[in-house]
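Peer 1: model the following, please.
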Amino acid sequence: MNAKNLFTFVAIIVSLFGLGFTFAPEFMGEQYLTNPAWINDGTKVLAQAYGTHLIAYAVACWYVRDAGSSIGGKVMLLSVFLSNLALIVITSMAVLNGIEKTTGWGQVVLSLVLAAWSGMLLRQTDRVVA
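Peer 2: Numbers count the residues shown, from 1 in each chain. Below you'll find the model as predicted:
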């Protein structure tokens, strides 16, 4: 459970979601939204923008995976930690309010695992990098 494994795992998972949102926003909407009628040109553009951001995030994770306890590695760990905490809140609210299907709970569980993993690694690097 080291940073290299975390960044590699995040890069792979986030790439899959990013590619889906970028190139198949309607499919992703049908998988997650409780009302597929909400999919319109505006939501497609937002999904594609989010998807390209996820792809860039995956590339960053991929290239920083060998950074170890450097400042860049620590910053990326913090980014993984904070973004997953935010995803937990946002996705939970979306599922509880009936916007997303129960499929969203899978994202919550994944984000909990990633937040815990990156948080644990952040605590370890605090002792190494001063």
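Peer 1: measure how buried the spatially closest residue to Trp38 that is not a sequence neighbour is and give me the count.
Peer 2: Of all residues not flanking Trp38 in the chain, Gly29 sits nearest, at 7.2 Å (Cβ to Cβ, 6 or more residues apart in numbering). Every residue, glycine included, has its C-beta placed from N, CA and C. Other residues within reach of Gly29, judged by other Cβ atoms under 10 Å, total 19.
Peer 1: what's near enough to touch Gly29?
Peer 2: 36, 38-39, 43, 47 (Cβ atoms under 8 Å, 6 or more residues apart in numbering).
Peer 1: which of these sits closest to Ile12?
Peer 2: Closest to Ile12 out of these is Ala47 (20.1 Å), distances taken as Cβ to Cβ.
Peer 1: can I assume the residue nearest to Trp38 sits in a strand?
Peer 2: No. Assigned with DSSP: H, G, I helix; E, B strand; the rest coil, Gly29 falls outside any strand and is helix.
Peer 1: roughly how far does it sit from Thr8?
Peer 2: 28 Å (Cβ to Cβ, to the nearest Å).
Peer 1: and if you look at Val108?
Peer 2: Val108 is 22 Å from Thr8, by Cβ to Cβ.
Peer 1: what about the helix or strand hosting Phe17, distance to the chain center?
Peer 2: In this structure, Phe17 sits in helix 3-23 according to DSSP states H and E. Counting by Cα atoms, centre = their mean, to the nearest Å, helix 3-23 is centred 8 Å from the centre of its parent chain.
Peer 1: list phi and psi for the residue nearest to Glu26 when sequence neighbours are not counted.
Peer 2: Nearest residue to Glu26, sequence neighbours excluded (Cβ to Cβ, 6+ apart): Ile39, at 5.7 Å. Dihedral pair for Ile39: phi -80, psi 120, per degrees, to the nearest 10.
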